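1. Got a predicted structure here, sequence first:
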Amino acid sequence: MYGIIAFFRRHYFAVLFVVLEFLSLSFVFRDNYYHQAGFFNSANSVAGSFYKTYNDITSYFNLKSENTQLHEENMRLHNSISTIPDTTKHPKIAHVNPYGQQFNFISAEVIDNSTNQVNNYITLNVGKTQGITEGMGVISPSGIVGVVIGVSDHYAVVMSMLHKNYQLSAMLKKGGAFGTITWKGDDSRFASLSQIPMSEQVIAGDTIISSGYSTVYPKGVTVGVVEKVDPIPTQYFYTIKVRLSTNFKKLGFVYVVSDLMKKEKEELEDNAQKANNVK
Amino acid sequence: MINEWAKNIARFFVFLFIQVLILKHIDLSRFINPFLYVIFILMLPIRTSKAWVMIIAFATGLTIDMFYNTMGYNAAACVFMAYCRPAVLKFYAPKGEYDTSAKPTIQSMGLPWMLSYAGTMVFLHHLVLFYLEVFSFHSFFTTLGIVIVSGITTVGLVLLSQLIMQRRRV
């Protein structure tokens, strides 16, 4: 017993080091858990309100570019509305989906954002109170931004597309081949699209959109355009460099996407899997 | 004595703000990613007990992590740095011992001492932080490049901050 006490007295500094380092590393390797807890991240009330106050002051400087962006988006929406058939004259279309609509968009303001880290996160001024939950997609007027990974009552933390764990199921608008978008950690303007088979025709300038296979984003949200295509001789897939359509350095207002049929879709998939397992 | 406490607490908040409001958003290159806030830990009085330095470093790291959404990364780097601090201080100790009035500043210890002390400590901190963060993401040498370039930037900012503080006598 005395031996143990003597040991701790002599090596208390080393013991303290081991304990604190172990604690820190356990935080590191349970990263996701703490994000979901919404406490030890920028969604907590201290960091959240701090960023919000700062953003309230500085956001005035971006009003002009923000306004231009919204104006352009309005124009695009006006143009696309004019091509949609009038559902009152074609009642069948309105009944395709019993909910009337599948996706609900919640407006949010970016109060903190980074682009120069290996793993970038975005803090939004909306949270549980506004109906935000983990796993919802985030899009900007120009394209995909990321996915919500943690929420508190009034704030949300978003895993930016510029994050090493981010993956997105995307497709070529022309041809419709599917692939996966990931970020290589070097440049906030570019991402990489993999798993597009060599049998597909891909040229620089082709548009890439979200596939809509997950319940995170609707189908057809712009991701970016093909910048460069690298065929790998020994493999069957291209490596494609994609210029992202979202300017991550200038994020102002974004939309959080909630899929109203998410629960139904996931339940159906679960049941199908269970049924499969029984066999 | 109380004055010394107040100065350290003020320093903590000032450099926390500079870190999360300004330095976090500077995006010149992925190689330049300075973590100036460590100056707070560097400038804790030399006589502070090593266990206290480590506990303070842990808390500082966690606070930065909260703002950066990097749970535990900065805490791990700061704890490691604090663990090495007694050895680093001993290694660079002037002949005999540190004066009782000695402070880890340019003013008190001179530029060569401050440069080697800050350089060593910052390098240790950045080494842990960036290698932990990338974890087989970038290549070994890219990360080493980031550690070195960011480290030099941080040390430069530390020295610059000290010169500014010296003028204002804080």
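-> Perfect, I can see it now. If you're wondering where the values come from, they're calculated on a predicted model, not measured in any experiment.
2. So for A:Y121, what's the nearest residue that isn't a sequence neighbour?
-> B:N69 (3.9 Å; Cβ to Cβ, 6 or more residues apart in numbering or on different chains). Bear in mind the C-beta positions are built from the backbone N, C-alpha and C, glycine included.
3. Spit out the contact partners of the one you found.
-> A:H35, A:N41, A:S42, A:N119, A:Y121, A:T123, A:V157 (Cβ atoms under 8 Å, 6 or more residues apart in numbering or on different chains).
4. Out of these, which comes closest to A:W183?
-> Nearest to A:W183, judged by Cβ to Cβ, of the contacts of B:N69 is A:N119 at 9.6 Å.
5. I'd like to know how many residues surround that closest one.
-> Residues lying near A:N119 (other Cβ atoms under 10 Å in any protein chain shown) number 22.
6. That one and chain B, how far apart?
-> 7 Å (Cβ to the nearest Cβ, to the nearest Å).
7. Give me the local confidence score for that residue.
-> pLDDT for A:N119: 84.
8. My read is that it contacts B:Y73, right?
-> No. Applying Cβ atoms under 8 Å as the test, A:N119 and B:Y73 come out as separate, 9.2 Å apart.
9. Give me the neighbour count for the residue of the stretch 151-279 of chain A found nearest chain B.
-> In the stretch 151-279 of chain A, the residue that lies nearest chain B is A:K164 (5.1 Å; Cβ to the nearest Cβ). For A:K164, the neighbour count with other Cβ under 10 Å is 18.
10. who touches it in this structure?
-> A:K164 touches A:V118, A:N119, A:W183, A:G185, B:F137, counting by Cβ under 8 Å, 6+ apart.
11. At the geometric centre of chain B, which residue sits there?
-> Central residue of chain B (Cα atoms, centre = their mean): B:V38, 2.3 Å from the mean position.
12. ok, that one to chain A distance?
-> 15 Å.
13. Can you go through the contacts of A:K164 and name the buried ones?
-> A:V118, A:N119, A:W183, A:G185 (16 or more other Cβ atoms under 10 Å in any protein chain shown).
14. The last one against A:V118, yeah?
-> I take that to be A:G185. Yes. The criterion here is Cβ under 8 Å, and A:G185 meets it with A:V118 at 5.5 Å.
15. before we move on, the earlier item: need the residues touching each of A:N119 and B:Y73.
-> Contact with both A:N119 and B:Y73 is made by residues B:E133, according to Cβ under 8 Å, 6+ apart.
16. Could you give the number of residues near the residue of chain A found nearest chain B?
-> Closest to chain B within chain A is A:F27: 2.8 Å, counting by Cβ to the nearest Cβ. A:F27 has 21 neighbours, counted by other Cβ under 10 Å.
17. next one: the one 3 residues further on
-> Applying the criterion other Cβ under 10 Å, we find 13 residues in the vicinity of A:R30.
18. Need the pLDDT of it.
-> pLDDT, A:R30: 79.
19. List the residues that contact A:H163.
-> Contacts for A:H163 (Cβ under 8 Å, 6+ apart) come out as A:N119, A:N120, A:Y121, A:G146, A:W183.
20. Model confidence for it, exactly?
-> Reported pLDDT for A:H163: 90.
21. So which bits of the host helix or strand of the residue of chain A closest to chain B are buried?
-> A:F27 belongs to helix A:12-29 when elements are defined using DSSP states H and E. Going by neighbour count (16+ other Cβ under 10 Å), the buried part of helix A:12-29 is A:L16, A:F17, A:L20, A:E21, A:L23, A:S24, A:L25, A:F27, A:V28.
22. Looking at chain B, which residue is nearest chain A?
-> B:G72 (2.8 Å).
23. Spatially nearest residue to that residue (excluding sequence neighbours)?
-> Excluding the flanking residues, the one nearest B:G72 by Cβ to Cβ, 6+ apart is A:F27, at 2.8 Å.
24. Next one: the one you found, what pLDDT does it get?
-> 87.
25. So which bits of chain B are right by chain A?
-> B:20-21, B:24-30, B:32-33, B:50-51, B:54-55, B:58, B:61-62, B:65-73, B:75-76, B:79-80, B:82-83, B:86, B:132-134, B:137-138 (Cβ under 8 Å from any Cβ of the partner chain).
26. What subset of those residues is buried?
-> B:20, B:24, B:30, B:32-33, B:50, B:54, B:58, B:61-62, B:65-73, B:75-76, B:79-80, B:82-83, B:132-134, B:138.
27. Among the residues you listed, which lie within helices?
-> Taking DSSP state H as the definition of helices, these contribute B:50, B:54, B:58, B:61-62, B:65-68, B:73, B:75-76, B:79-80, B:82-83, B:132-134.
28. all strands for the stretch 101-250 of chain A, in order.
-> For the stretch 101-250 of chain A, strands defined by DSSP state E, counting those that start in this stretch occupy the ranges A:103-113, A:121-124, A:137-140, A:143-151, A:156-160, A:168-172, A:178-182, A:190-197, A:207-210, A:222-231, A:237-244.
29. Relative to A:E267, which of the ones you listed is closest?
-> Taking Cβ to Cβ as the criterion, strand A:103-113 is the member of these that comes nearest to A:E267, at 18.2 Å.
30. A:Y166 contacts A:V147, correct?
-> Yes. Counting by Cβ under 8 Å, A:V147 is a contact partner of A:Y166 at 7.5 Å.
31. shared neighbours of these two, which are they?
-> A:M159.
32. which stretches of chain B have low pLDDT?
-> For chain B, the stretches flagged by pLDDT under 70 are B:1-2, B:135-138, B:168-170.
33. what do you get if the cut-off is 80, keeping everything else the same?
-> B:1-2, B:27, B:30, B:95-96, B:100-101, B:133-139, B:167-170 (pLDDT under 80).
34. Next, the contact list for B:M165, please.
-> Counted by Cβ under 8 Å, 6+ apart, B:M165 has contacts B:T105.
35. just the buried ones among the contacts of A:K164 now: which is nearest A:P218?
-> A:W183 (21.3 Å).
36. center of chain A - which residue?
-> A:G146 (1.5 Å).
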